[in-house]
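**Student:** need a structure here:
(2 chains)
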Number of protein chains: 2
Amino acid sequence: MPDKLVRLRRFEPPDQARRPVMIAIAGDSAAGKTTLTRGIAEALGPDRATAICADDYHRYDRQERAGLPFTVLNPECNYIGIMEQHLQLLALGRPVLKPVYDHGEGRLTRPVLVEPREFVIVEGLLPLHTKLARACFDIAVYLDPPEEIRREWKLRRDCKERGYSEAQVLAELERREPESAAYVRPQRQRADLTIRFAPAAGHGDAPDTPLSAEILLRPTILHPDLSHVLTDDDRRTVHLKLIRDSDGRPVDALHVHGYAPREDSHIVEKAIWKQLSIDPGTAPPDSLGEYAPGKRSEPLAIAQLLLLWHLLEARA
Amino acid sequence: MPDKLVRLRRFEPPDQARRPVMIAIAGDSAAGKTTLTRGIAEALGPDRATAICADDYHRYDRQERAGLPFTVLNPECNYIGIMEQHLQLLALGRPVLKPVYDHGEGRLTRPVLVEPREFVIVEGLLPLHTKLARACFDIAVYLDPPEEIRREWKLRRDCKERGYSEAQVLAELERREPESAAYVRPQRQRADLTIRFAPAAGHGDAPDTPLSAEILLRPTILHPDLSHVLTDDDRRTVHLKLIRDSDGRPVDALHVHGYAPREDSHIVEKAIWKQLSIDPGTAPPDSLGEYAPGKRSEPLAIAQLLLLWHLLEARA
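**Tutor:** Got it, this is the predicted structure:
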């Protein structure tokens, strides 16, 4: 009965369609995870995307941590096993009662029900720390700004939004450094894409120029093919270069300069968008690229569009 | 290769041994769940038993409930799906991050990590409400005191420990009645054992006599055989009667009168204990039967010992 066999082999469990596409946005504190995530979540809309923060799985509140020999970057300081469990449940399309860490108050509060939509975006310090957690994701991203940029961002945010003094933030950065090296940064090599926003080297840009992006596209997943629209000519504002990563592995490096004109970035955006195997119905969403109210960055827009492409393509 | 087949059939997954025995103690508010549970948990010791309360899965806090058309007895007022999920995880030996409802303050607070030990005791209003929840339990118990006794208990406890006035408790009892009938009491017929503490009818006992117990042993699970030590002579302080339950189903009714002397209850306790298929190493624990500091009830001791027998036997 070959017909029957074929039918059996093609059988797809009925809840398969309800399984969401999962993306991890990992990176150190103030690496830009929320900014990157926000544009993607907005482009998909709240009906299609659920965004959660893996840092809600902190085991201790701020007061308890004061007496402990490790920082929140340490897996010991987090319910990693529960995070894995919740990621698995979400990946299966199941709801979870997610813990909540209030960054403002530094307290653990009442948990919330999270029901996964079509897309689940998980940002945090350690979403790619364990094998079981990584196995839950369709796409793994690591945000990798230069340390001096990240320190600036962290100082600004923690003083303004979380009520710390500058001296406190600097001391905390120093205290966290060994654990950042031990637990956060090793996630970089587990990522399918790493994204680095930084000033373009040796250009002496005007002070208001957005940061450039270097996006590494690892062949661990299939990326849109950009080699037919981009050359490796690094005098172009957007170019694609085959390089070796710091660990020697081959990788495609997409460079988008902060001063890239909209025309140049549009070429890349269109090339990405038309490689969707479904008809997205619309042009790439305009909302991408906003890094502050009213401020737009072409490098950020392209990074977000690439991730959006991956999300939609994994769903296709 | 018959040998190999036999071996395959006998194969037990390595984590099977780590799966805890689960018991549900269901019943309405102030039905005596905590008193019953405490003695069993103490007899097993904290290293072997994990006790949790299913009412921690309340969806709304006290303030939010004030504006809602239902009470905590309504499944709508609880994360029943998450309760099912957590019961399944615990039954598989996995930890959960359990929500916490603070009865004193009426607030939902920071969740706690629960790691199942050998035995998991789940008491609450609705642990037997759904099929999936029931499927997690090895033993299902329903506590079924007469309403007037339960009202007394609830008045005493809620005024003393939860800061309500007498008028508030009485109003709440009335408000809850339809939902108790709709959701809590139907669990009785799903239980393997129902336990009813009440004054012995027509005995005019001294005011300090402990309540008698009627324990229904449904043939849904295997109970210790007491028919060889007890008769159905209801002039005896402890007797066993084959009856029909209110719904017509056959059931064994074990009666233990509140004034039963220790000698009589000892006979039953020994008969239960020696039917353990493992060697428990010790005599039945002395700690059973305490219903208030320094106050002992033989009916409570026998009820607890029966449950302890079931727990140990399910583990054997």
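**Student:** next one: the top helix by length along chain A to chain centre, how far?
**Tutor:** When chain A is parsed with DSSP state H, its longest helix is helix A:298-315. Distance of helix A:298-315 from the chain centroid (C-alpha atoms, centre = their mean, to the nearest Å) equals 10 Å.
**Student:** could you do stretch A:130-148 as well?
**Tutor:** Mean-position distance between stretch A:130-148 and its chain equals 7 Å (C-alpha atoms, centre = their mean).
**Student:** buried residues in that stretch?
**Tutor:** Residues of stretch A:130-148 classed as buried by neighbour count (16 or more other C-beta atoms under 10 Å in any protein chain shown): A:133, A:134, A:136, A:137, A:138, A:139, A:140, A:141, A:142, A:143, A:144, A:145. No exception for glycine: its C-beta is placed from N, CA and C like everyone else's.
**Student:** same check, this time on stretch A:265-274
**Tutor:** Judged by neighbour count using 16+ other C-beta under 10 Å, the buried positions of stretch A:265-274 are A:265, A:266, A:268, A:269, A:272, A:273.
**Student:** would JSON lines of the residues you listed with pLDDT be doable?
**Tutor:** Formatted as JSON lines, these follow (pLDDT from 0 to 100):
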{"residue": "A:265", "pLDDT": "87"}
{"residue": "A:266", "pLDDT": "88"}
{"residue": "A:268", "pLDDT": "91"}
{"residue": "A:269", "pLDDT": "91"}
{"residue": "A:272", "pLDDT": "93"}
{"residue": "A:273", "pLDDT": "91"}
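**Student:** can you lay out those as CSV showing distance to residue A:165?
**Tutor:** Below are these laid out as CSV (distance: C-beta to C-beta, whole Å):
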residue, distance to residue A:165
A:265, 39
A:266, 44
A:268, 42
A:269, 42
A:272, 43
A:273, 45
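**Student:** whatever helix or strand residue A:39 lives in packs against which elements?
**Tutor:** Counting by DSSP states H and E, the element that carries residue A:39 is helix A:33-44. On a contact count with 3 or more C-beta pairs under 8 Å, 6 or more residues apart in numbering or on different chains; DSSP states H and E, helix A:33-44 meets strand A:21-27, strand A:49-53, strand A:119-124, strand A:139-143, helix A:298-315.
**Student:** contact partners of whichever helix or strand comes after the third one?
**Tutor:** In other words, strand A:119-124. Sequence-wise, the next helix or strand downstream of strand A:119-124 (DSSP H and E) is helix A:131-134. The contact list for helix A:131-134 (C-beta atoms under 8 Å, 6 or more residues apart in numbering or on different chains) reads A:24, A:80, A:83, A:84, A:87, A:88, A:126, A:127, A:128, A:140, A:190.
**Student:** any chance of a ChimeraX selection covering the buried ones in those?
**Tutor:** In ChimeraX, this line selects whichever of the contacts of helix A:131-134 come out buried by 16+ other C-beta under 10 Å:
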select /A:24,80,83,84,87,126,127,128,140,190
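**Student:** got a markdown table for the helices and strands packed on helix A:33-44, with mean pLDDT too?
**Tutor:** Below are the helices and strands packed on helix A:33-44 laid out as a markdown table (pLDDT from 0 to 100):
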| stretch | mean pLDDT |
| --- | --- |
| strand A:21-27 | 98 |
| strand A:49-53 | 96 |
| strand A:119-124 | 98 |
| strand A:139-143 | 98 |
| helix A:298-315 | 95 |
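**Student:** put together CSV for those, with distance to chain B on each row.
**Tutor:** Formatted as CSV, the helices and strands packed on helix A:33-44 follow (distance: least, C-beta to the nearest C-beta, whole Å):
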stretch, distance to chain B
strand A:21-27, 18
strand A:49-53, 14
strand A:119-124, 16
strand A:139-143, 24
helix A:298-315, 25
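**Student:** any idea how far chain B is from residue A:18?
**Tutor:** 14 Å (C-beta to the nearest C-beta, to the nearest Å).
**Student:** so who does the nearest residue to that residue once chain neighbours are set aside touch?
**Tutor:** Here the nearest residue to residue A:18 in space, its sequence neighbours aside, is residue A:93; by C-beta to C-beta, 6 or more residues apart in numbering or on different chains that works out to 4.2 Å. Residues in contact with residue A:93, defined by C-beta under 8 Å, 6+ apart, are A:15, A:18, A:19, A:20, A:116.
**Student:** quick check: PyMOL command selecting the buried ones in those.
**Tutor:** Per 16+ other C-beta under 10 Å, the buried members of the contacts of residue A:93 correspond to this PyMOL selection:
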select buried, chain A and resi 19+20+116
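**Student:** thinking again about what came up before, give me the contact list for the helix holding residue A:39.
**Tutor:** Helix A:33-44 has contacts (C-beta under 8 Å, 6+ apart) with A:25-27, A:49, A:51, A:118-119, A:121, A:123-124, A:141, A:143, A:195, A:285, A:287-291, A:300-301, A:303-304, A:307-308, A:311.
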